[in-house]
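1. requesting a structural model of the entry that follows:
(chains A and B)
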Amino acid sequence: GAGVSQSPSNKVTEKGKDVELRCDPISGHTALYWYRQSLGQGLEFLIYFQGNSAPDKSGLPSDRFSAERTGGSVSTLTIQRTQQEDSAVYLCASSQMTVNTEAFFGQGTRLTVV
Amino acid sequence: QQPVQSPQAVILREGEDAVINCSSSKALYSVHWYRQKHGEAPVFLMILLKGGEQMRHEKISASFNEKKQQSSLYLTASQLSYSGTYFCGEVPIGGADGLTFGKGTHLIIQP
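-> So this is what the prediction gives:
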């Protein structure tokens, strides 16, 4: 595609429900990142994929968070038993080959837990 | 651990200069700079791959002191369009940790 695509763009969910956030990176980009941005805050690193592998999962806030990437393309971030503190914008980015190239960000998914 | 940015916020008049600093506790392979405007996704400005490398994007330039594990972003003759939040990102040597960002520097340019 032309850019990084994230869906849904907005998600309102009830506390305790599970949610799945999807990221479709730019075609051919092997590196993919997930970040969380709370209102007015910085970019909190969650996880990084090189191909289908995630070398470092330590950024995931709790065991309620998981992420996978299949076929070296689409990635899903799953949050189980959502809590109000999970409310934030979840941003996905991708880059060609390695982390030492320009990263392109999607428009994010705004998650609101009520 | 994430890189430390300073200052946290800057207010400038159009035409003034500013410097944003970024410090890391790790030996770095590269430093990235991004700008995010309100309600938008972050946009790439530049990447510095070598110690001492300087890069330029329009009237914005950056330097990378590998030994001090520091990078600075220089905004010269600031324009209204420069307003936004600037993030530095670091890639430690080894690269397994991905790209980690600082908390950002909020830049406001007033006419």
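2. next one: the closest residue to chain A within chain B from A:Glu14, what distance?
-> Residue of chain B nearest chain A, by C-beta to the nearest C-beta: B:Gly98 (2.9 Å). To be clear about C-beta, it is placed using only N, CA and C from the backbone, and glycine gets the same treatment. B:Gly98 sits 32 Å away from A:Glu14, going by C-beta to C-beta, to the nearest Å.
3. likewise A:Gln83?
-> 11 Å.
4. tell me which of these two has more neighbours.
-> Taking neighbours as other C-beta atoms under 10 Å in any protein chain shown, A:Gln83 and A:Glu14 compare with A:Gln83 leading, 13 against 8.
5. pLDDT at B:Phe44, what is it?
-> On the pLDDT scale, B:Phe44 is placed at 93.
6. could I get the phi/psi values of it?
-> In terms of degrees, to the nearest 10, the main-chain angles of B:Phe44 are phi -60, psi 140.
7. that one: how many residues sit nearby?
-> B:Phe44: 18 neighbours (other C-beta under 10 Å).
8. who does it form a beta bridge with?
-> Beta-bridge pairing of B:Phe44 under DSSP bridges involves B:Tyr34.
9. these two touch, right, it and B:Tyr34?
-> Yes: assessed by C-beta atoms under 8 Å, B:Phe44 is found in contact with B:Tyr34 at 5.8 Å.
10. overlap in contacts of these two?
-> Common neighbours of B:Phe44 and B:Tyr34 (criterion: C-beta atoms under 8 Å, 6 or more residues apart in numbering or on different chains): A:Ala103.
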